[in-house]
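> sharing a model prediction with you, sequence too.
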Amino acid sequence: MPELPEVQSVVDALREENIPGRRITGAAVYWPRTIAEPDPAAFCQTIKGRTIRQITRRGKYIVFELSGGLTLMVHLRMTGRLNWGPRDAPRNKHEHVILKIGRTHALRFQDTRKFGRIWLTAAPENILGRLGPEPLEASFTAERLSAMLKTANRQIKPLLLDQHVIAGLGNIYVDEALWEAGIHPQRISRSLTLQEVRALHLAIPRVLNKGLRNLGTSLGTGQSNFYLPGSRPGGNAEALNIFRRTGKACPRCGATVARIVVAQRSSHICPDCQKHRR
């Protein structure tokens with residue numbers, strides 16, 4: 001699933017195409033369930049003629065601010081991607097929503113597994129307001145993280161994956177951050193020492209910023225993998241230290257990386273660097 005670095009890289013790529021300021025001249029929906037709000041017919045009618053004022057990110061949502069007080073929100077979920085190109089290009093079978101932009105281009109939502117969702121709403125805060133803090137903002141301090149961890153009594157990995165706690169983290173970057181901080185994913189959050197909390201607070205932005213510099217993580221070459229607009233893969237896979245490195249040597253201590261399951265999620269650890277203190 002695309003996480004904060006992947007989603008932000010998509011936003012940056014769309015901005016580089018100078019999409020803000022352009023007008024949506026038409027829309028077509030080929031898989032109705034992709035549109036979460038409103039119904040597909042109302043979506044196509046309402047979005048036509050709107051100008052895209054700006055494109056931002058909140059958590060894992062791509063947020064298009066439109067003219068007339070409306071907001072278009074896209075959640076890529078497992079396999080979603082946005083394709084940008086000529087409007088007269090043939091549609092592939094996995095492109096479920098197409099927005100015509102101006103006279104010559106189109107923005108196409110592609111999703112092989114059909115889990116992604118799109119909202120067109122005048123009240124984006126109903127969804128975005130439920131998200132936790134952004135981990136790359138200055139307001140995300142070690143003290144704030146410590147307070148969040150101390151008030152919970154949950155395993156640290158599923159807690160960090162909870163978008164109501166921290167926005168934008170997913171399986172890849174949580175595994176990477178916990179390895180950086182030397183914390184086992186099954187540790188109970190309130191058991192972390194102040195030193196461990198500070199290490200985790202430093203590790204989270206470190207792994208996210210590395211992912212951003214590498215334009216996100218693509219884990220393969222199939223249709224369901226992450227791609228930037230223009231079909232460019234992210235380059236962060238080679239920079240991962242622990243995620244999907246089962247059986248390989250830990251880059252820090254040389255121990256063999258292991259795969260375990262935590263809260264029904266595949267997790268990757270170094271058994272020496274991340275000892276489980278019960």
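Great, that's in hand. Since the model is a prediction, treat every value here as computed from it, not as a measurement. Numbers count the residues shown, from 1 in each chain.
> ranges for the strands of the stretch 101-250 of the chain?
For the stretch 101-250 of the chain, the strands defined by DSSP state E, counting those that start in this stretch cover 105-111, 117-121, 227-228, 232-233.
> now tabulate those strands in TSV and tack on mean neighbour count and mean pLDDT.
Using the backbone N, CA and C atoms, a C-beta is placed for each residue, glycine as well. Listed next are the strands of the stretch 101-250 of the chain as TSV, based on neighbours: other C-beta atoms under 10 Å; pLDDT from 0 to 100:
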stretch	mean neighbour count	mean pLDDT
strand 105-111	22	97
strand 117-121	21	98
strand 227-228	21	92
strand 232-233	15	90
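> closest to Asn214 out of the ones you listed?
Of all the strands of the stretch 101-250 of the chain, it is strand 232-233 that lies closest to Asn214, at 10.2 Å by C-beta to C-beta.
> give me the number of residues near the closest residue to Ala167 other than its chain neighbours?
Distances taken as C-beta to C-beta, 6 or more residues apart in numbering put Gly59 closest to Ala167, at 3.4 Å, once the chain neighbours are dropped. Counted with other C-beta atoms under 10 Å, the neighbours of Gly59 add up to 23.
> tell me how far the nearest residue to Gly235 once chain neighbours are set aside lies from Thr56.
Leaving aside its chain neighbours, Gly235 sits nearest to Asn214 (4.3 Å; criterion: C-beta to C-beta, 6+ apart). For Asn214, the distance to Thr56 (C-beta to C-beta, to the nearest Å) stands at 21 Å.
> neighbour count winner among these two?
Ranked by neighbour count (other C-beta under 10 Å), Asn214 and Thr56 place Asn214 first, with 18 against 14.
> would you mind listing the residues in contact with that one?
5, 234-236, 239 (C-beta atoms under 8 Å, 6 or more residues apart in numbering).
> report pLDDT for the closest residue to Val207 other than its chain neighbours.
Using C-beta to C-beta, 6+ apart and skipping residues adjacent in sequence, the residue nearest Val207 is Glu176, 4.2 Å away. Glu176 is assigned a predicted lDDT (pLDDT) of 98.
> what's the answer for Leu215, then?
96.
> grab the nearest non-local neighbour of Arg190.
Nearest residue to Arg190, sequence neighbours excluded (C-beta to C-beta, 6+ apart): Lys150, at 5.2 Å.
> let me redo that: Thr217
Nearest non-adjacent residue to Thr217, counting by C-beta to C-beta, 6+ apart: Asn236, 4.1 Å away.
> residues in contact with the one you found?
Neighbours of Asn236 in contact, by C-beta under 8 Å, 6+ apart: 5, 210-211, 214-218.
> where does pLDDT dip in the protein?
223, 278 (pLDDT under 70).
> any idea how far the residue nearest to Val207 lies from Thr217?
Distance from Glu176 to Thr217, by C-beta to C-beta: 10 Å.
> and those two? which has more neighbours close in?
Comparing Glu176 with Thr217 by other C-beta under 10 Å, the one with more neighbours is Thr217, at 28 against 25.
> bridging residues for the more buried one?
Here Thr217 sits in beta bridges with Gly235, going by DSSP bridges.
> quick check: it touching Tyr227?
No - using C-beta atoms under 8 Å, Thr217 is not in contact with Tyr227, being 11.3 Å away.
> which residues do these two both contact?
Gly234.
> for beta bridges, what are the partners of Ile52?
Leu66.
> surely it touches Pro20?
Yes - judged on C-beta under 8 Å, Ile52 makes contact with Pro20 at a distance of 5.5 Å.
> who has more neighbours, the two?
Neighbour count, other C-beta under 10 Å: between Ile52 and Pro20, Ile52 has more, with 20 against 15.
> overlap of the contact sets of Glu176 and Thr217?
Common neighbours of Glu176 and Thr217 (C-beta under 8 Å, 6+ apart) are Leu240.
> would you mind putting the CA coordinates of the lengthiest helix in the chain into CSV?
The longest helix of the chain (DSSP state H) is helix 194-213. Extracted in CSV, the C-alpha atoms of helix 194-213 (Å, rounded to 0.1, in the frame of the first residue of the first chain):
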residue,chain,number,x,y,z
LEU,A,194,12.2,7.6,27.4
GLN,A,195,15.4,6.7,25.5
GLU,A,196,13.5,4.3,23.2
VAL,A,197,10.8,6.9,22.6
ARG,A,198,13.4,9.5,21.6
ALA,A,199,15.1,6.9,19.3
LEU,A,200,11.7,6.1,17.7
HIS,A,201,10.9,9.8,17.3
LEU,A,202,14.2,10.3,15.4
ALA,A,203,13.8,7.1,13.3
ILE,A,204,10.3,7.8,12.0
PRO,A,205,11.2,11.0,10.0
ARG,A,206,14.5,9.5,9.1
VAL,A,207,13.0,6.6,7.2
LEU,A,208,10.2,8.7,5.7
ASN,A,209,12.6,11.4,4.4
LYS,A,210,14.8,8.7,2.9
GLY,A,211,11.7,7.3,1.1
LEU,A,212,10.9,10.8,-0.1
ARG,A,213,14.4,11.4,-1.5
